[in-house]
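K.L.:
can't give you the sequence, but here's the structure:
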C-alpha cells in the first residue's frame, strides 16, 4: 500500500462509500452541548430516532452560569432553554449527559479528552468549531453546523469531500515564557486566518513532540483560526499515557487492542503532504493579538504594525478599521496598552496546566483590574482547588468561577462591556466576540495573569518563572 | 430547502476580508428557534448602532443595495464559529449567493443546507466587480447554476466552478438526510465491520 498520512488512515477507516466526489463517513464519536437543540428538533419533526445513543456524549457549556450552578442565574430565557432542552433530550434519547451540577460537566472540548471519550483514530464531530481541539489525541475531529448535527444524530454519518493534508513542523526548544498558545498564535500569524483553508493540519516536529497532551490541545484548538478543517497530532507514548485509566478509555484486553491500533496511526515516513510549513520555536516570543483576526498576532516586544505597510487597499482599510475599533495607533508599543479586565478560561486555555501557569504569575502580586478565572471543567475546578490554586487566585484578587464557555463567547451573560479592553486566554478577537464593541487581546494564561497584575499588557518574562 | 436554479438580483460589494460568523450572526441571538427567522440579526452590529438605529454607511443600509440578493465579498468570508445561523440570517435576508476569494470551512459546508450558493473567485476579479458595483449602485448580476455562469456587472459572462455534489443538492433542493437514508444497507454493513475492528468504541456507557 502507498504511504499514507494520519489523516488518510483515519479517513479510509471511516469511509462507507463515495458519491459525486464526496465521502460518506462513519462518525465514531459525536459530542453535544446546549446548542444541540436544533438537531433534536429535526429528529422529532421527521419522526427519526437517535441512531447511536452510545456514541453521543453531551454536557451544557455555552449558556451555563459561572457564578453558581443554578439555572436561575442564567438571565436570558433562550439560553436557559438550551440547557433545559439538552436535559430533556437526554431523558428522552438516553445518551451520556454530564449535566449542571455533575462534576464531569464542563466545556465539551475539555471534557471529551479528560473523560477518555476522545481517542486516537476516531472520527469525531461536534456542533462547535473548536472541535478541532480533540485532534491533539490523534483523532480527526471537526466542527459541524446544526443541519449536520441533525444528520449525525439520525444516521451516525457525515458527508465530506476529502481534504488536503498540510504538515506544520515546529522544531526546537521553546524559550522561557513561550507556551503552546504562543506557538499556535505564531503559526496563525505566519500562514493567516485562512492559511489552512481546505486542509487538515498535522502538527509535527520536536516542539510538538515535547508538548504535553494539554499543550497539544491548545495548539489543535486554534486550527480553525488558521482556516483549517481540523488539526491533529499523531498519537505517541505521551498520548497513550494520558489516556490510560481515564473513565471512558478502553480497559483490559480492549486497551491492548486499542493501543495496537493507535500505534499504527502515525503518518508513514514517506507519506506526501499537499502543503508543508516549517517554524523555528527557538525564535518565538510570547504573543499578543492587536486586531480583530487571530492572524493579527505579534510578539509582545513588538509595535503595532502600520496600515501604510499593507499589501493592498482592502488590507489597509481593514487594518485602519481594526485599529479604530480597538482604540489603538500604528507604531504603539504592545507593552504600553492599558487593559480594563482579564479573562482566564475557554476551551483553548482552561485546563489544569493553564491554571497552574497563570497562578504561578498571580501569586507574585495583586490584580490591578477585574480578573476572572473560569476552569475548563468542573473536574479541573476540583483538581485546582485540591492544589490550592483557587486560593492563590483569590488572594491575588482574581474571581474564581464555575466552568463554562463564559466570557469567550458571552452567551451566558459574562460579557466585556462596550469599549472595554480584555486580556483574554480565549481563541477569538473578532469584533463583538466578547460583547458588543468589546476589545479583545488574545494571549497565554501566564501573559493574561501578568496583564492583570500590571493593568497593562506585560511581557511575562519580567516575572519569575516556575510552577505555582 | 428551496432549489437554486437561476438567480438575477442586485449585487452588493462588501469590502472587507475575514467577515467572520460572529459578525454575520452575533452570538447573543443564537438560541432562537429556526422558524422565528433570522433576517433582523444579519450583520447586526455592522448594520445597527442600537436596535432599529442603522449605520447609514453600511452597504445593506444604502437604498440601492437594500434588496441585494448577491454579496461580492473578499478573502475568508464566514470563518470562525460553526453557527448555521450565519447561513440562516443571510438566506432570511434574501441573500442567495456569496462570492469571495475563500470561505470558512464549516460555513462552506453549512451553506448548501440552507440553499445558499458560495462561489470562489480570485481577489483581483472580486475587487474589479466591487468597483463596478460601487460605480453603478443597484446593478444586477445573474448566476446560472446549471450552466455555471455568472453575468458580471458589465453584462459579460464568466464561468464558475462548483462541485457536483453541491450543485445537485442546490439545483434539486435535496436534503442530506434523505440522500443518506437511501444508503441504509451500506451504512449497516460498514458499521458492523467498524465495530469488529474497534469493539471498544461501542456501548460506551457511563462507568459506575
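P.N.:
Right, received. Where do you want to start? Remember, predicted model here, so these are calculated numbers, not experimental data. Numbering: from 1, shown residues only, chains lettered A, B, ... in the order given.

K.L.:
Enumerate the residues of the stretch 351-468 of chain A near chain B.
P.N.:
Along the stretch 351-468 of chain A, the residues adjacent to chain B under the rule C-beta under 8 Å from any C-beta of the partner chain are A:409-411, A:428, A:430-433, A:436-437. Just so you know, the C-beta spots here come from the backbone N, C-alpha and C atoms, and that holds for glycine as well.

K.L.:
Buried ones among those?
P.N.:
The neighbour-count test (16 or more other C-beta atoms under 10 Å in any protein chain shown) applied to those identifies A:409-411, A:428, A:430-433, A:436 as buried.

K.L.:
How about the contacts made by residue A:422?
P.N.:
Under the criterion of C-beta atoms under 8 Å, 6 or more residues apart in numbering or on different chains, the neighbours of residue A:422 are A:339-343, A:407, A:416, A:434, A:438-441.

K.L.:
Dump these into CSV; add neighbour count, pLDDT and secondary structure as well.
P.N.:
Supplementary listing: the contacts of residue A:422 in CSV, determined by neighbours: other C-beta atoms under 10 Å in any protein chain shown; pLDDT from 0 to 100; DSSP: H, G, I helix; E, B strand; the rest coil:
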residue, neighbour count, pLDDT, secondary structure
A:339, 23, 98, coil
A:340, 16, 98, coil
A:341, 22, 98, strand
A:342, 31, 98, strand
A:343, 28, 98, strand
A:407, 31, 96, helix
A:416, 23, 97, coil
A:434, 28, 96, coil
A:438, 25, 97, coil
A:439, 26, 98, strand
A:440, 28, 98, strand
A:441, 25, 98, strand
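
K.L.:
about what we covered before: and of the residues of the stretch 351-468 of chain A next to chain B, the nearest to residue B:52?
P.N.:
Relative to residue B:52, the closest of these is residue A:436; by C-beta to C-beta it sits at 14.8 Å.

K.L.:
That closest one contacts residue B:26, correct?
P.N.:
Yes: using C-beta atoms under 8 Å, residue A:436 is in contact with residue B:26, at 7.4 Å.

K.L.:
thinking again about what came up before, farthest pair within the buried ones among the residues of the stretch 351-468 of chain A next to chain B?
P.N.:
Greatest spacing in these, by C-beta to C-beta: A:411 and A:431 (16.5 Å).

K.L.:
worst-scoring helix or strand of chain B, pLDDT-wise?
P.N.:
strand B:48-50 (a mean of 91; mean pLDDT, DSSP states H and E).

K.L.:
Return the distance of that one from the chain's centre.
P.N.:
Taking C-alpha atoms, centre = their mean, to the nearest Å, one finds strand B:48-50 lying 24 Å from the centre of the chain it belongs to.

K.L.:
do stretch B:2-11 as well
P.N.:
13 Å.

K.L.:
Mind checking if that stretch is in reach of chain A?
P.N.:
No: legend: contact between stretch B:2-11 and chain A by C-beta under 8 Å from any C-beta is lacking; minimum distance shown is 14.3 Å.

K.L.:
for that stretch, which positions count as buried?
P.N.:
Residues of stretch B:2-11 classed as buried under the neighbour-count rule (16+ other C-beta under 10 Å) are B:4, B:7, B:9-11.

K.L.:
SS state for the nearest residue to residue A:40 once chain neighbours are set aside?
P.N.:
Spatial nearest neighbour of residue A:40, chain neighbours left out: residue A:89 (4.7 Å); criterion: C-beta to C-beta, 6 or more residues apart in numbering or on different chains. Using DSSP: H, G, I helix; E, B strand; the rest coil, the structure places residue A:89 in helix.

K.L.:
mind showing which ranges of chain B have poor pLDDT?
P.N.:
Across chain B, residues meeting the criterion (pLDDT under 70) sit at B:205-208.

K.L.:
now the helices: where do they sit in it?
P.N.:
In chain order, chain B shows helices spanning B:21-24, B:44-47, B:85-93, B:105-113, B:123-135, B:164-172, B:176-181, B:184-197, with DSSP state H as the criterion.

K.L.:
for the stretch 251-400 of chain A, same thing?
P.N.:
Chain-ordered helices for the stretch 251-400 of chain A, with DSSP state H, counting those that start in this stretch as the definition, fall at A:252-263, A:313-326, A:352-362, A:378-387, A:389-395.

K.L.:
Columns mean neighbour count on top of those helices, output as CSV?
P.N.:
Conversion of these to CSV gives the following (neighbours: other C-beta atoms under 10 Å in any protein chain shown):
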stretch, mean neighbour count
helix A:252-263, 14
helix A:313-326, 17
helix A:352-362, 26
helix A:378-387, 19
helix A:389-395, 19
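
K.L.:
rank the ones you listed by pLDDT, which is bottom?
P.N.:
The stretch with the lowest mean pLDDT among the helices of the stretch 251-400 of chain A is helix A:313-326, which comes in at a mean of 93.

K.L.:
who touches residue A:218 in this structure?
P.N.:
Contacts for residue A:218 (C-beta under 8 Å, 6+ apart) come out as A:179-181, A:184, A:348-349, A:351, A:354.

K.L.:
now, which of the residues you listed sits nearest residue A:312?
P.N.:
Proximity of those to residue A:312, judged by C-beta to C-beta, is greatest for residue A:184, which lies at 26.0 Å.

K.L.:
so where does that closest one fall, helix or strand?
P.N.:
helix A:180-191 (DSSP states H and E).

K.L.:
Can you confirm whether that helix lies near chain B?
P.N.:
No: for a cut-off given as C-beta under 8 Å from any C-beta, helix A:180-191 has no contacts with chain B; the smallest distance is 11.4 Å.

K.L.:
Against which helices or strands is that helix packed?
P.N.:
strand A:164-171, helix A:213-221, strand A:275-280, strand A:287-289, strand A:297-299 (3 or more C-beta pairs under 8 Å, 6 or more residues apart in numbering or on different chains; DSSP states H and E).

K.L.:
near chain B at all, the helix or strand following the second one?
P.N.:
Spelled out, it's helix A:213-221. Under the assignment DSSP H and E, the closest C-terminal helix or strand after helix A:213-221 is strand A:230-232. No: Strand A:230-232 stays out of contact with chain B when judged by C-beta under 8 Å from any C-beta, the minimum separation being 8.9 Å.

K.L.:
Of the contacts of residue A:422, which is the nearest to chain B?
P.N.:
The closest of the contacts of residue A:422 to chain B turns out to be residue A:434 (C-beta to the nearest C-beta; 9.4 Å).

K.L.:
Show me the contact partners of the helix or strand containing residue A:148.
P.N.:
For residue A:148, the host element (DSSP H and E) is helix A:146-155. Counting by C-beta under 8 Å, 6+ apart, the neighbours of helix A:146-155 from elsewhere in the structure are A:27, A:30, A:32, A:35-36, A:38-40, A:42-43, A:46, A:48-51, A:56, A:125, A:127, A:144, A:157-159, B:83-85, B:109-110, B:113-114, B:176-177, B:180-181, B:187.

K.L.:
Done for today, thanks.
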